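Got a sequence here, can you build the structure:
(one chain, ligands or ions: 1)
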Amino acid sequence: MIRRAAVLTSGGDAPGMNAAIRAVVRSGLAQGWQMFGVRHGYAGLISGTIVPLGARDVGGIMQLGGTMLGTARSPEFRTEDGRCRALRTLNQHEIDALVVIGGNGSQQGAYALSEMGYPVVGVASTIDNDLSGSDITIGVDTALNIALEAIDRLKVTASSLERAFLVEVMGRDCGYLALMAGIAGGAEAICIPEIETHPDEVVAILADSYRRGKPHAIVVVAEGAQHDAHELAEHFAAHVDDIGFQLRTTILGHVQRGGHPTAADRLLATNLGAGAVQYLADGQYGFLAGNIGGKLAATPLAEVVSRPKTLDMSLLDLAGIMAR
Ligand code: F6P
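The predicted structure is shown next:
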């Protein structure tokens, strides 16, 4: 029986995490539980930085990016000793169950705790959208819209000067953000980690776009692409006469993580946060609360951490057709 439950955010922050914290806390309170927040992810679980959270403590945060609890990547928690210390903290504070809001690494940690017999449920949250068990994760929509706004702006200045822009977006080893930003932003070429695009191919696409009278060209490059933005930029510089366009590079980086969450992210976070608490209340431990086919769905953490998420590669062909 749960009387006291805690929530933590872990790994890279994602817009919508605050809305998820709020949903977990208020849903837990509605169950009659006392609610707590762990500061700075698993690191805080090891050091014991746990604070009580009431309904008012999570008021006014839903529209803010980042996470009010702070987050961290904790190498210590990856060790058995670290995990045992975390478990000790939970027991010392008489916390009966935990909700972990985060992406791949965070859910691996949640799985490890659940394998130690501790009641834990995950909430799918990462801008990378690389987590099995959820078609879409908290933060993706906001990060995508930030990338899109940047691309739209770059097109304006690019058109004025007949330039091509290389735009690097985040996503770690997953091309989802780059692919979607490229399609929605009308990119001429998209380079993602899942498939090699040789720099010569991109040069040919740019040169062809120039010959066909396009006033600008956009190449969206995922940070994990096999030939990254720096390599592509160097290659383009050596072929500038073939390309026609002048070339510039913009690395969006962490800018994508800092925005106010969109309505879609706030709604997803609210739904998944409330769902996670319901799973705990039902005694359904060791699951991830995700969104599959537009609906709340529980996937065993064991499956989440062992099954890589795949990307619909046919979208790359669609992007090519749209770039004519
Ligand atoms: O996982 C989210 C993410 O933003 C990735 O897209 C990126 O590779 C990584 O985190 C950056 O990590 P850090 O914030 O530690 O620099």
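
Please enumerate the strands of this protein.
Using DSSP state E, the strands assigned to the chain run over residues 4-9, 34-38, 50-52, 97-102, 120-124, 163-169, 189-191, 217-222, 246-251, 287-292, 295-300.

The residue of the stretch 1-150 of the chain at minimum distance from the ligand: neighbour count?
As assessed by C-beta to the nearest ligand atom, the ligand sits closest to Gly12 within the stretch 1-150 of the chain, at 3.2 Å. Using the backbone N, CA and C atoms, a C-beta is placed for each residue, glycine as well. Applying other C-beta atoms under 10 Å, we find 21 residues neighbouring Gly12.

ok now do it, which residues does it touch?
Shown in contact with Gly12 (C-beta atoms under 8 Å, 6 or more residues apart in numbering): Thr71, Gly103, Thr126, Ile127, Asp128, Arg257.

beta partners for Arg4?
For Arg4, the residues forming beta bridges with it (DSSP bridges) are Gln34.

That one touches Gln92, doesn't it?
No. In this structure, Arg4 sits apart from Gln92 without contact. The criterion is C-beta atoms under 8 Å, and the distance is 11.7 Å.

Neighbour count for these two, which is higher?
Each of Arg4 and Gln92 had its neighbours counted (other C-beta under 10 Å), and the higher figure belongs to Arg4 (16 against 10).

Can you name the residues of the stretch 1-150 of the chain sitting close to the ligand?
If contact is defined as C-beta under 6 Å from any ligand atom, the residues of the stretch 1-150 of the chain in contact with the ligand are Gly12, Gly103, Thr126, Ile127, Asp128.

Ranking by neighbours, what's the top pick from these?
Ile127 (33 neighbours).

Do you know the pLDDT at Leu87?
Here, the pLDDT recorded for Leu87 equals 97.

mind listing what Cys84 touches?
Shown in contact with Cys84 (C-beta under 8 Å, 6+ apart): no residues.

Pull the number of nearby residues for the residue in the stretch 151-300 of the chain that the ligand sits nearest to.
The shortest separation between the stretch 151-300 of the chain and the ligand is 3.4 Å, found at Met170 (distances taken as C-beta to the nearest ligand atom). A total of 23 residues lie near Met170 under the criterion other C-beta under 10 Å.

quick one: it and Ala264, what's the gap?
Using C-beta to C-beta, to the nearest Å, one obtains 18 Å as the distance from Met170 to Ala264.

Could you show which parts of the stretch 201-324 of the chain are in contact with the ligand?
By C-beta under 6 Å from any ligand atom, the residues of the stretch 201-324 of the chain that approach the ligand are Glu223, Arg257.

per-residue pLDDT, the residue of the stretch 151-300 of the chain closest to the ligand?
In the prediction, the pLDDT value recorded for Met170 is 97.

That one touches Leu177, doesn't it?
Yes. With contacts defined as C-beta under 8 Å, Met170 counts as touching Leu177 at a distance of 6.3 Å.

so where do the helices sit in this protein?
17-30, 41-47, 80-92, 104-115, 140-161, 176-184, 199-211, 229-238, 240-243, 263-281, 301-306, 314-322 (DSSP state H).

Can you give me every residue that contacts Asp130?
Counting by C-beta under 8 Å, 6+ apart, Asp130 touches Gly103, Asn104, Gly171, Arg172, Asp173, Cys174, Tyr176, Pro308, Lys309.

again, 6 Å this time
For Asp130, the residues meeting the contact criterion (C-beta atoms under 6 Å, 6 or more residues apart in numbering) are Cys174, Lys309.

do the same with Ala124
With contacts taken as C-beta under 6 Å, 6+ apart, Ala124 has the following neighbours: Leu131, Ser134, Thr137, Leu288, Gly290.

Which of these sits closest to Met62?
For these, the residue nearest Met62 by C-beta to C-beta is Thr137; the value is 17.5 Å.

Tell me the confidence at the residue lying closest to that closest one once chain neighbours are set aside?
The spatial neighbour of Thr137 that comes closest, neighbours along the chain excluded (C-beta to C-beta, 6 or more residues apart in numbering), is Ala124 at 4.4 Å. We note a pLDDT of 98 for Ala124 in this prediction.
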